[in-house]
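Peer 1: pasting a predicted model and its sequence here:
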Amino acid sequence: MKNLQSTTTLHNGIEMPWFGLGVFKVKDGSEVINSVKAAIEAGYKSIDTAAIYGNEEGVGKAIAESNVPREELFITTKVWNSEQGYDSTLAAFDESMKKLGLEYLDLYLIHWPVPEQNKYKETWKALETLYKDGRVRAIGVSNFKEHHLKDLLEDCEVVPMVNQVEYHPRLTQTSLHEFCKQNRIQLEAWSPLMQGGLFEEPTLQEIARKYGKSTAQVILRWDLQNEVVTIPKSVKPHRIQENANIFDFELSSEDMEKINSLNQDQRVGSDPDVMNKL
């Protein structure tokens with residue numbers, strides 16, 4: 001992890017940047033276009049969106065207007081809960097691709113397991129089809145707990161390459177992380193800054209002062225040193241730049257432990273076992 005372009009190798013050999021831009025709740029149109037362009041100009045190679053965010057068109061426009069060759073970028077989107085199921089997932093993928101204006105996708109994720117629907121295995125079969133057809137370079141899941149993954153692994157043909165979950169110093173999910181490592185599934189963090197809820201945390205502030213960094217930079221660095229891909233969201237160019245300025249320092253093992261010990265199993269998002277929104 002030497003710089004912003006550093007990558008982790010997924011179990012199918014595809015290289016995925018350790019760091020990227022998330023665009024959750026970023027408005028479609030100029031806001032998301034400017035965010036994505038600012039990130040690409042700052043050297044980001046990875047952009048993470050989702051059908052439910054309603055901004056795939058803007059993301060696609062920013063990619064088209066950037067001067068970076070498509071093959072140098074890593075683009076992720078996700079199938080929403082109401083579109084789960086084999087045929088509906090394939091249709092949702094086509095719709096996302098049309099909005100993004102892309103010929104292929106780098107990573108496609110099932111957004112939530114939605115256990116009440118019990119369709120994620122069927123949805124996964126659609127992702128396997130897209131993967132085998134070469135329309136997407138890697139496939140994975142989002143917000144899957146260990147028991148959802150175990151269930152999926154029982155009869156999937158392709159093991160998920162990524163599991164994107166809520167992950168920050170107050171929700172470290174160590175058992176899930178260990179399970180993912182054992183099964184060569186790359187863990188990825190959404191809401192790594194706990195939506196700003198950690199900026200006043202005294203332990204983090206003290207560590208930030210020690211390294212001459214912001215609290216956000218310390219948290220993002222902690223993610224990377226824990227081998228977790230991370231995608232902080234911002235719409236401000238200076239913040240997008242600042243978030244990425246984390247490759248010139250390293251947290252000591254003692255400081256890593258201090259941050260690890262802040263865990264309280266506290267979520268800002270929904271619990272995947274009860275998230276049944278369609």
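Peer 2: That came through fine.
Peer 1: can you map out the strands along this protein?
Peer 2: 7-9, 15-17, 21-22, 46-48, 74-79, 105-110, 136-142, 162-166, 186-190, 229-230 (DSSP state E).
Peer 1: of all those, which one is nearest Ile33?
Peer 2: strand 46-48 (11.6 Å; C-beta to C-beta). To be clear about C-beta, it is placed using only N, CA and C from the backbone, and glycine gets the same treatment.
Peer 1: burial measure for Ser252, as a count.
Peer 2: Using other C-beta atoms under 10 Å, Ser252 has 12 neighbouring residues.
Peer 1: again but with Ser82, I slipped
Peer 2: If we define neighbours as other C-beta under 10 Å, then Ser82 has 14 of them.
Peer 1: show me where the stretch 51-200 of the chain dips below the pLDDT cut-off.
Peer 2: For the stretch 51-200 of the chain, no stretch has pLDDT under 70.
Peer 1: the helices in it, which residues?
Peer 2: All helices of the stretch 51-200 of the chain, identified by DSSP state H, counting those that start in this stretch, fall at 56-65, 86-100, 120-132, 146-155, 174-182.
Peer 1: which residues touch the last one?
Peer 2: Outside helix 174-182, the residues that touch it by C-beta atoms under 8 Å, 6 or more residues apart in numbering are Lys145, Glu146, Leu149, Asn163, Val165, Ile185, Gln186, Leu187, Asn226, Glu227, Val228, Asn263.
Peer 1: narrow those residues to those that are buried.
Peer 2: By neighbour count, with 16 or more other C-beta atoms under 10 Å, those hold Lys145, Leu149, Asn163, Val165, Ile185, Gln186, Leu187, Asn226, Val228 as buried.
Peer 1: isn't the third one up against Ile139?
Peer 2: In this case it means Asn163. No - at 11.3 Å, Asn163 and Ile139 do not qualify as touching, with contact defined as C-beta atoms under 8 Å.
Peer 1: between the buried ones among the contacts of helix 174-182, which is nearest Ala50?
Peer 2: Val165 (14.0 Å).
Peer 1: name whatever forms a beta bridge with that closest one.
Peer 2: On the basis of DSSP bridges, Val165 is bridged to Ala189.
Peer 1: now it: how far from Thr123?
Peer 2: According to C-beta to C-beta, to the nearest Å, Val165 stands 17 Å off from Thr123.
Peer 1: try Lys25
Peer 2: 24 Å.
Peer 1: those two: which has the busier surroundings?
Peer 2: Under the criterion of other C-beta under 10 Å, the comparison of Lys25 against Thr123 puts Thr123 first, with 26 against 13.
Peer 1: name the nearest residue to the residue lying farthest from the centre of the chain, sequence neighbours excluded.
Peer 2: Residue farthest from the centre of the chain, counting by C-alpha atoms, centre = their mean, is Lys210 at 28.6 Å. Of all residues not flanking Lys210 in the chain, Asp255 sits nearest, at 7.5 Å (C-beta to C-beta, 6 or more residues apart in numbering).
Peer 1: from Gly196, how far out is the one you found?
Peer 2: In terms of C-beta to C-beta, Asp255 sits 21 Å off from Gly196.
Peer 1: out of the helices of the stretch 51-200 of the chain, which is closest to Phe249?
Peer 2: Smallest distance to Phe249 across the helices of the stretch 51-200 of the chain (C-beta to C-beta): 23.0 Å, for helix 174-182.
Peer 1: tell me which residues in the closest one are buried?
Peer 2: Leu176, His177, Phe179, Cys180.
Peer 1: now the residues you listed as CSV including distance to Leu153?
Peer 2: What follows is the buried residues of helix 174-182, written out as CSV (distance: C-beta to C-beta, whole Å):
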residue, distance to Leu153
Leu176, 14
His177, 16
Phe179, 10
Cys180, 11
